[in-house]
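>>> Please work out how this folds:
(chains A and B)
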Amino acid sequence: MDLALLASTFVTVFLAELGDKTQLAIVTISGTSTRPGAVFAGSSLALVLASLLGAAAGGSLSAVIPTDALQLAASAGFLILGLRLIIKASAGEAEARAAAEGEQAG
Amino acid sequence: MSSESPTQAEATDPANGEPELADQPRRVWITAFLTTFTTVFLAELGDKTQLAALLLSAQSGRPVLVFVGASLALICSSLVGVILGRWLARVMPAHQLERLAGLLMVGLSLWLGRQAVVHLTPLPSDLLQG
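I've put the predicted structure just below:
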């Protein structure tokens, strides 16, 4: 085992990932989900599979798969998740306010 | 995995707002898994991480080792993300975090969408420069 190569790959990829949009997405999904284990398993598998696909395609993934169209699909997915969270937050806040007013009245 | 057995506090969490789903912890787990998997997988396709991994594998001639290193790094980075998210959920009120997360996701969505659209249909100014 070439530990130096392993370590350099690890450090390069880890630093490239820190603060990346994907990690931001993982933070938001994990923070608003009650199943951190599922979020961790899903994101890990997705990241490993995506890089395996990239490596298998030898850098020309966009020639094999319509990556732009898929990114557009991901964008739509984020939009739906985001809007659902905003609606849920507003509904939850209204509920909490109503409950607080009910307590004051009672 | 510890999240397989939900506690009673989680099942009746009022912030969750979906008590009927608490009857099916496995389904909730699978839904969370699939949601995360799909969004992360689609968003990550053609990203810079693959680029770095590919460059390294081309130079070194040890693709398996490079892949193992990259995978470990990706798993660690998603673990950091999950832990950060749980920490935020502990220190912030649920509604506030949900709104912030929602806004962040809409922002990410617009950014991803813009990137894809620019790639698919280059702006006239880009064509002139190229």
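
>>> Buried residues in stretch B:109-121, which are they?
Buried positions in stretch B:109-121, judged by neighbour count with 16 or more other C-beta atoms under 10 Å in any protein chain shown: B:109, B:112, B:113, B:115, B:116. No exception for glycine: its C-beta is placed from N, CA and C like everyone else's.

>>> can you check stretch A:16-23 too?
Buried positions in stretch A:16-23, judged by neighbour count with 16+ other C-beta under 10 Å: A:16, A:17, A:20, A:21, A:22, A:23.

>>> For residue B:83, list the residues it contacts.
Shown in contact with residue B:83 (C-beta atoms under 8 Å, 6 or more residues apart in numbering or on different chains): residue A:30.

>>> Which element, helix or strand, includes it?
Assigned by DSSP states H and E, residue B:83 falls within helix B:63-91.

>>> name the helices or strands packed onto the helix or strand following that helix?
The helix or strand immediately downstream of helix B:63-91 is helix B:94-120, counting by DSSP H and E. Helices and strands touching helix B:94-120, by 3 or more C-beta pairs under 8 Å, 6 or more residues apart in numbering or on different chains; DSSP states H and E, are helix A:21-31, helix A:67-105.

>>> other SSEs contacting the shortest one?
For helix A:21-31, the contact count by 3+ C-beta pairs under 8 Å, 6+ apart identifies helix A:36-56, helix A:67-105, helix B:25-44, helix B:63-91, helix B:94-120 as packing neighbours.

>>> can you put those in JSON lines and add distance to residue A:28 and mean pLDDT?
Below are the helices and strands packed on helix A:21-31 laid out as JSON lines (distance: least, C-beta to C-beta, whole Å; pLDDT from 0 to 100):
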{"stretch": "helix A:36-56", "distance to residue A:28": "10", "mean pLDDT": "87"}
{"stretch": "helix A:67-105", "distance to residue A:28": "8", "mean pLDDT": "85"}
{"stretch": "helix B:25-44", "distance to residue A:28": "10", "mean pLDDT": "87"}
{"stretch": "helix B:63-91", "distance to residue A:28": "7", "mean pLDDT": "90"}
{"stretch": "helix B:94-120", "distance to residue A:28": "4", "mean pLDDT": "87"}
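
>>> Go through those helices and name the closest to residue A:7.
Residue A:7 lies closest to helix B:63-91 among these, at 7.3 Å (C-beta to C-beta).

>>> residues touching residue A:32, list them.
Contact analysis of residue A:32 by C-beta under 8 Å, 6+ apart lists A:85, B:85, B:89, B:97, B:98, B:101.

>>> So what's the residue count around the residue lying closest to residue A:40 once chain neighbours are set aside?
Nearest residue to residue A:40, sequence neighbours excluded (C-beta to C-beta, 6 or more residues apart in numbering or on different chains): residue B:82, at 4.6 Å. Residue B:82 has 26 neighbours, counted by other C-beta atoms under 10 Å in any protein chain shown.

>>> Same question for residue A:11.
12.

>>> That one: what secondary structure?
What DSSP: H, G, I helix; E, B strand; the rest coil gives for residue A:11 is helix.

>>> how much space between it and residue A:4?
The spacing between residue A:11 and residue A:4, counted by C-beta to C-beta, to the nearest Å, is 11 Å.

>>> circling back: which one of the helices and strands packed on helix A:21-31 lies closest to residue A:27?
Comparison of these against residue A:27 by C-beta to C-beta identifies helix B:63-91 as nearest, at 4.4 Å.
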